[in-house]
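Asks: My questions are about this predicted structure, shown below with the sequence.
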Amino acid sequence: MGNTWVALKGMLEYIGLEVIVPPPITKDTLSLGVQHSPEFACLPLKINIGNFIEAKKLGADVFIMAGGTGPCRFGLYAQLEKEILQELGYHYDSLIIEPPDTSYWQFVKQIKKVVGKASWWRVLQGIRLGYKKAVALDNLEKLVQEIRPRELAQGTADKIFHNSLLIIDRAQNLGELEESYILSREKLEHIPQDEEKNVVKIGLVGEIYTLLEPFASMEIEKKLGYMGAQVHRSLYLSDWISEHLLSPGLFKGKGEGRGSHFQNSASPFLNHFVGGHGQESIGASVLFAREGYDGIVQVAPLTCMPEIVAHNIFPQVSKSYGIPVLNIYVDEQTGEAGINTRLEAFMELLQSKKDALTAQKQYVTIS
């Protein structure tokens with residue numbers, strides 16, 4: 001799921017476990033998953049199956065996966081995936097980590113199964129390292145999102161970020177991580193940019209997997225950046241870890257994490273939990289609108305129930321705040337050409353609206 005592997009690999013290796021990272025997701029990965037998954041399943045499950053098959057061929061014998069509660073089907077996927085793999089002859093031991101929202105003690109016992117004989121001090125230091133890697137990567141990603149629409153040589157920021165990813169992955173302790181982060185940030189900040197460019201600002205909301213995994217969303221975030229939009233996501237890995245897995249104040253520095261699930265902002269339109277990140281999608285969109293963003297793009301797997309609920313509420317948000325919303329659902333049949341056409345049309349709409357507002361302000365100022 002995007003760059004999640006860097007944080008989890010850092011944590012588990014520090015604790016003393018051997019980690020096998022599946023190869024980068026490709027069409028072959030998805031094809032493997034589609035062949036062996038139920039047709040009704042959403043895209044993340046199909047990609048997961050492909051990931052597990054590829055990892056098994058590299059020698060993996062245990063998979064660790066988050067569980068979940070509520071209406072979203074994700075909470076059942078780990079068990080379903082294990083049964084599919086067993087039928088295919090891929091025998092995995094599985095460790096399902098349920099989030100501690102309901103029972104922190106149960107969460108602690110599950111973690112202990114994973115780490116075995118490692119001391120709790122070692123475990124805490126491993127979690128700290130993994131979390132700090134997530135924070136560093138998220139901060140660099142946010143900087144890349146600012147640079148993409150302004151850089152003079154398109155693709156420079158992404159090349160530097162890819163190299164930074166590998167450097168941060170190799171960091172063995174917090175000191176090495178800090179050095180890697182500072183070096184990477186300096187390289188990004190020295191990229192030649194058009195500082196005066198009046199870029200469109202887009203809030204990207206939706207289901208967490210399609211937000212964090214570029215392959216699943218056909219790299220919508222990068223496409224929008226290259227089209228001239230500064231994109232900011234409603235979800236970042238370190239925020240999710242901070243809000244769902246860490247006790248208040250544990251490893252968190254000042255200002256890290258959003259600190260809420262956007263319930264307050266969503267409440268006039270959707271005032272209860274609907275599973276997944278449906279409520280967060282509405283709440284984040286309201287905040288983006290209040291902060292002066294030009295448009296919202298919702299991205300989610302086809303048949304994702306929480307995002308379908310949000311989809312039906314977005315017209316009210318759009319009307320109340322005068323902000324355009326583009327809804328995009330993805331599955332194995334989604335064509336890249338169609339996505340590109342829709343994004344280009346949406347960008348033209350937002351840019352023309354922004355130019356008109358800018359011209360109106362200039363006219364008022366001159367008058």
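Replies: Nice, thanks for sending it over.
Asks: Can you name the element that comes right after the helix or strand where residue 85 lies?
Replies: For residue 85, the element it lies in under DSSP states H and E is helix 74-87. On the C-terminal side of helix 74-87, the closest following helix or strand by DSSP H and E is strand 93-97.
Asks: Provide the strand pairings for that following strand, with the direction of each partner.
Replies: Taking DSSP bridges as the criterion, strand 93-97 forms sheet pairs with strand 62-66 (parallel).
Asks: Output the one helix or strand residue 30 maps to as CSV, restricted to C-alpha atoms.
Replies: When elements are defined using DSSP H and E, residue 30 is found to belong to helix 27-35. As requested, C-alpha coordinates have been extracted for helix 27-35 and formatted as CSV (Å, rounded to 0.1, in the frame of the first residue of the first chain):
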residue,chain,number,x,y,z
LYS,A,27,-0.5,-5.5,-14.2
ASP,A,28,0.8,-9.0,-13.6
THR,A,29,0.2,-8.7,-9.9
LEU,A,30,-3.3,-7.6,-10.5
SER,A,31,-3.9,-10.3,-13.1
LEU,A,32,-2.9,-13.0,-10.5
GLY,A,33,-5.3,-11.5,-8.0
VAL,A,34,-8.2,-11.2,-10.4
GLN,A,35,-7.8,-14.9,-11.5
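Asks: Next, the angle strand 62-66 makes with the next helix or strand after that helix.
Replies: Proceeding N to C from helix 27-35, the next assigned helix or strand is helix 43-57, under DSSP H and E. Helix 43-57 runs at 160 degrees relative to strand 62-66, counting by axes from the mean of the first three to the mean of the last three Cα atoms, to 10 degrees.
Asks: now for helix 43-57, which elements pack on it?
Replies: helix 27-35, strand 62-66, helix 74-87, helix 208-212 (3 or more Cβ pairs under 8 Å, 6 or more residues apart in numbering; DSSP states H and E). Backbone N, C-alpha and C define where each C-beta goes, glycine included.
Asks: Which residues does the third one contact?
Replies: Which is helix 74-87. Residues from elsewhere that reach helix 74-87 (Cβ atoms under 8 Å, 6 or more residues apart in numbering): 36-38, 41, 44-45, 48-49, 52-53, 56, 63, 65-69, 91-92, 94, 96, 276.
Asks: Please repeat the previous calculation with a cut-off of 10 Å.
Replies: The list of residues contacting helix 74-87 from outside it, by Cβ atoms under 10 Å, 6 or more residues apart in numbering, reads 33, 36-38, 41-42, 44-45, 48-49, 51-53, 56, 63-69, 73, 90-99, 207-209, 275-276, 304, 306.
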